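# For reference, the sequence and a predicted model appear below.
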2 protein chains.
Amino acid sequence: MTTLKEIAKRANVSVMTVSRVVKNSGYVNAETRKLIEAVIKELDYRPNEIARSLHRSSTKNILLIVPDIENPFFAEMIKGTTTVLRQHGYQSIFADSDGEIGNEKEIAERALSRIVDGVILYCPRAESAYFDFLSARVPLLVVDRRITSHAVDHIYIDNKPSAEAAVDYLIANGHRDIGLIGGPQNVLANLRRKSGYLASLKAHGIPVNDQFMFFCGFEFEDGVSAFEYFSQMEHRPTAYFATNDLMALGFIQQAQEKGLAIPSDISVVGFDNIAMSRLISPALTTVDNPRHDMGALAAFRMLKKLDPTVEVPQFSLTNRMVIRGSVRNIT
Amino acid sequence: MTTLKEIAKRANVSVMTVSRVVKNSGYVNAETRKLIEAVIKELDYRPNEIARSLHRSSTKNILLIVPDIENPFFAEMIKGTTTVLRQHGYQSIFADSDGEIGNEKEIAERALSRIVDGVILYCPRAESAYFDFLSARVPLLVVDRRITSHAVDHIYIDNKPSAEAAVDYLIANGHRDIGLIGGPQNVLANLRRKSGYLASLKAHGIPVNDQFMFFCGFEFEDGVSAFEYFSQMEHRPTAYFATNDLMALGFIQQAQEKGLAIPSDISVVGFDNIAMSRLISPALTTVDNPRHDMGALAAFRMLKKLDPTVEVPQFSLTNRMVIRGSVRNIT
DNA sequence: CACCTCTATGTTAACGAAAACATCTATCTG
DNA sequence: CAGATAGATGTTTTCGTTAACATAGAGGTG
């Protein structure tokens, strides 16, 4: 716990001279510098960043709040963010809210104690008025959530167009009876995917069949259930759009279990492009969202908030279809 | 940026009285307190944690360094740690070293500037002498790496016994020709798994066949290569032990692609119990390691370092076999 | 009533660093 | 050679909070 003072005493100079050596600023005689540097080394001195932070009233820390770090979706965004922040001399304080609004707020509130220079919220659960509250008190960025308030800076990709493109792709491959494995109906991103499905059908003059839409959870098992639901029907879809890969995977596994082949019997398109979708057989055709870039952009936008001279590079944040082997052309 | 001073001025009292109200300590007249509380609310005051940290010379922050947060293995450990830390009033500063020694050291070194009260290194890459250096300067805990130095506190599960148990299980199911899909030979955990394989064979008097051991990378594709390697042999193993699930998954997928059935034609055991191993068909028999608990224990051990009165709960950190459907009894 | 104790509040110093300002010498310029 | 200037170093104050110490009135005890 060496301090400037101790160095100064040992070197027989004032703290200010030592400080000048440490920060390499101002005038210091070459020999004095040498002596002080030797003492610094001898006593293994390192500046106390807390004291510095207090003085400059900035900590060079950014608080990142995610609903669940075990979800690779968030892990990848976080990685994109921390990498950029670190390159710019900022550290990431990280917190996992477990998807609970209470935790989320409690954690965010800590940021108001000036332990961080800014807060980035990933896919937060709190009500939108809360973001106005926070934003008024600390540099704030909300990622992956649509925000209506003009005052709150945010990054959001609308999933509707890419979902529509995914269904367009099925239609282009000759499918007209297309099932929707629709996931939960209380998550915005998911609803936008459903909207894309509906929009595509409409654009191609295909009437919507309510029977062809199955709503469920978000998990692998929900894909299994979806298969069971559809397999009981007489007239079944030839192709399916699952609003996330995990459900698509469950659906495909169950289909194969029951002796159906993908894509010769059934075509499937997923959404998210999780790691596993590449690895199954056949590999899943899906929609990739730029998680890493979203995280990186969030970092840059935050840096610019804190220092307007920062250059924010161009990111084209668009979802992209990844065509693999789970769709068959039936024209 | 309201400070105690401003509150004091507005309420016409000294800063100390305000401080007493904020910290709820010492004597304060009920009416004075009420008045001060009103002013605090009016000015939206929050104590500056940086100033507090400086004064108490402790930040209530712990630095966590992982090689790659996108790897669910680390994400789960991190979650175990942060959850416990948060419950004890500590925040997690998080950093991703990208598996590079240089980054790892650079990040760890920051901790010496007293911005954190302790450091937890997950599966670090640095040479072991470095841990002595760090440990002498900051409360340090090393997780998932064998450390010989007596001075460095660490948490480590030897993978050999559980690997041995996994192979024992294959042998108990009547297999004697057992292939090893061995992964890279420069990673300690992986070598211990290989040692377990060898130990089990030896214990059962089964001679080791060098041809039956395939060494490769760590990925899904390496499992695919492994299948290709073994399928060229005349006399093939009836069962395989893969030193991680990802390779087992690649191996199984390729086997199924080539028309072989699991487990009727080939039995496979993996290691790690990643999420996907439950989801394939047949579900993979594998070895589960308590990632979450390791993370939680790391947190408790760190807390105890910082405050010896903390109770560290009992964790039985042992790998456990998870028997599912990828092994057939051929006796 | 002298003295103690409890209640209530204020003053000073400290945490470690650094910006702002001050001092002093040596050298240079007109 | 007076005065400006660059070089080298020191002193004071500030960042916001709080521990330690100081003060002072009210009420109680012997």
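Now that the structure is in, tell me what you want to look at. No experiment lies behind these values; they were computed from the predicted model shown.

# so which residue of the stretch 51-200 of chain A comes closest to DNA strand D?
A:His55 (3.9 Å; Cβ to the nearest atom of the strand). From N, CA and C alone the C-beta is placed, and that goes for glycine too.

# And for that residue, the neighbour number?
Around A:His55 there are 10 other residues, counting by other Cβ atoms under 10 Å in any protein chain shown.

# any residues touching the one helix or strand it maps to, and which ones?
Using DSSP states H and E, A:His55 sits in helix A:49-56. Contact with helix A:49-56 is made by A:59-60, B:48, B:50-51, B:53-54, B:57, B:59, B:110, B:113-115, as judged by Cβ atoms under 8 Å, 6 or more residues apart in numbering or on different chains.

# Next secondary structure element downstream of that helix?
strand A:61-66.

# and for the helix or strand just after that next one, what are the contacting residues?
As assigned by DSSP H and E, the chain's next helix or strand after strand A:61-66 is helix A:72-87. Applying Cβ under 8 Å, 6+ apart, the contact partners of helix A:72-87 are A:62, A:64, A:66-69, A:91-92, A:94, A:120, A:122-123, A:143-144, A:272, A:274-275, A:291-300, A:302-303, B:68-70, B:72, B:75, B:94-96, B:98, B:107.

# ditto for stretch A:308-322
Contacts of stretch A:308-322 (Cβ under 8 Å, 6+ apart): A:88, A:155, A:157, A:159, A:161-162, A:165-166, A:169, A:273, A:285-290, A:293-294, A:296-297, A:300-301, A:303-304.

# what about burial for the residues you listed, which qualify?
With burial judged by 16 or more other Cβ atoms under 10 Å in any protein chain shown, the buried subset of the contacts of stretch A:308-322 is A:155, A:157, A:159, A:162, A:165-166, A:169, A:273, A:285-290, A:293-294, A:296-297, A:300-301, A:303.

# Which strand or helix spans the residue of the stretch 1-150 of chain A found nearest chain B?
Minimum separation of the stretch 1-150 of chain A from chain B (Cβ to the nearest Cβ) falls at A:Phe94, amounting to 3.6 Å. Using DSSP H and E, the element containing A:Phe94 is strand A:91-96.

# That strand packs against which elements?
strand A:61-66, helix A:72-87, helix B:72-87, strand B:91-96 (3 or more Cβ pairs under 8 Å, 6 or more residues apart in numbering or on different chains; DSSP states H and E).

# In JSON lines, list these along with mean pLDDT and distance to B:Ser195.
Below are the helices and strands packed on strand A:91-96 laid out as JSON lines (pLDDT from 0 to 100; distance: least, Cβ to Cβ, whole Å):
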{"stretch": "strand A:61-66", "mean pLDDT": "96", "distance to B:Ser195": "38"}
{"stretch": "helix A:72-87", "mean pLDDT": "94", "distance to B:Ser195": "31"}
{"stretch": "helix B:72-87", "mean pLDDT": "94", "distance to B:Ser195": "20"}
{"stretch": "strand B:91-96", "mean pLDDT": "93", "distance to B:Ser195": "30"}
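
# just those: most buried one?
Most buried of these by mean neighbour count (mean count of other Cβ atoms under 10 Å in any protein chain shown) is strand A:61-66; its value is a mean of 26.

# CA atoms only for that one - export them in PDB, please.
This file holds the C-alpha atoms of strand A:61-66, laid out as PDB (Å, rounded to 0.1, in the frame of the first residue of the first chain):
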ATOM      1  CA  ASN A  61     -15.800   1.800 -15.500                       C
ATOM      2  CA  ILE A  62     -19.000   1.000 -17.400                       C
ATOM      3  CA  LEU A  63     -21.700  -1.100 -15.900                       C
ATOM      4  CA  LEU A  64     -23.200  -3.800 -18.000                       C
ATOM      5  CA  ILE A  65     -26.400  -5.400 -17.000                       C
ATOM      6  CA  VAL A  66     -27.700  -8.600 -18.700                       C
END
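
# and that strand, does that touch chain B?
Yes. Contact of strand A:61-66 with chain B (Cβ under 8 Å from any Cβ of the partner chain) involves A:61, A:64.

# Direction included, what does that strand pair against?
strand A:91-96 (parallel), strand A:118-122 (parallel) (DSSP bridges).

# May I see those organised as JSON lines, with distance to B:Met1 added?
JSON lines is the format used below for these (distance: least, Cβ to Cβ, whole Å):
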{"stretch": "strand A:91-96", "distance to B:Met1": "20"}
{"stretch": "strand A:118-122", "distance to B:Met1": "15"}
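
# who wins for proximity to DNA strand C among those strands?
Per Cβ to the nearest atom of the strand, nearest to DNA strand C of the strands paired with strand A:61-66: strand A:91-96, 16.6 Å.

# Tell me how far the helix or strand following that closest one lies from the chain's centre.
Using DSSP H and E, the helix or strand that follows strand A:91-96 towards the C-terminus is helix A:101-110. Helix A:101-110 has its C-alpha centroid displaced from the chain centroid by 18 Å (Cα atoms, centre = their mean, to the nearest Å).

# Which strands or helices does helix A:101-110 pack on?
Contacts defined by 3+ Cβ pairs under 8 Å, 6+ apart place helix A:101-110 against strand A:61-66, strand A:118-122.

# quick one: the longest one to helix A:101-110, angle?
Which is strand A:61-66. Angle, strand A:61-66 to helix A:101-110, by axes from the mean of the first three to the mean of the last three Cα atoms, to 10 degrees: 170 degrees.

# what does chain A put close to DNA strand C?
Residues of chain A found near DNA strand C (Cβ under 7 Å from any atom of the strand) are A:1, A:3-5, A:15-16, A:19, A:22-23, A:45, A:47-48, A:51-52, A:54-56.

# rerun that using 6 Å as the cut-off
Chain A comes close to DNA strand C at residues A:1, A:3-4, A:15-16, A:19, A:22-23, A:47-48, A:51-52, A:54-55, as judged by Cβ under 6 Å from any atom of the strand.

# Redo those residues as CSV? Include pLDDT.
Below are the residues of chain A next to DNA strand C laid out as CSV (pLDDT from 0 to 100):
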residue, pLDDT
A:Met1, 79
A:Thr3, 94
A:Leu4, 94
A:Val15, 94
A:Met16, 94
A:Ser19, 95
A:Val22, 94
A:Lys23, 91
A:Pro47, 95
A:Asn48, 95
A:Ala51, 96
A:Arg52, 95
A:Leu54, 95
A:His55, 94
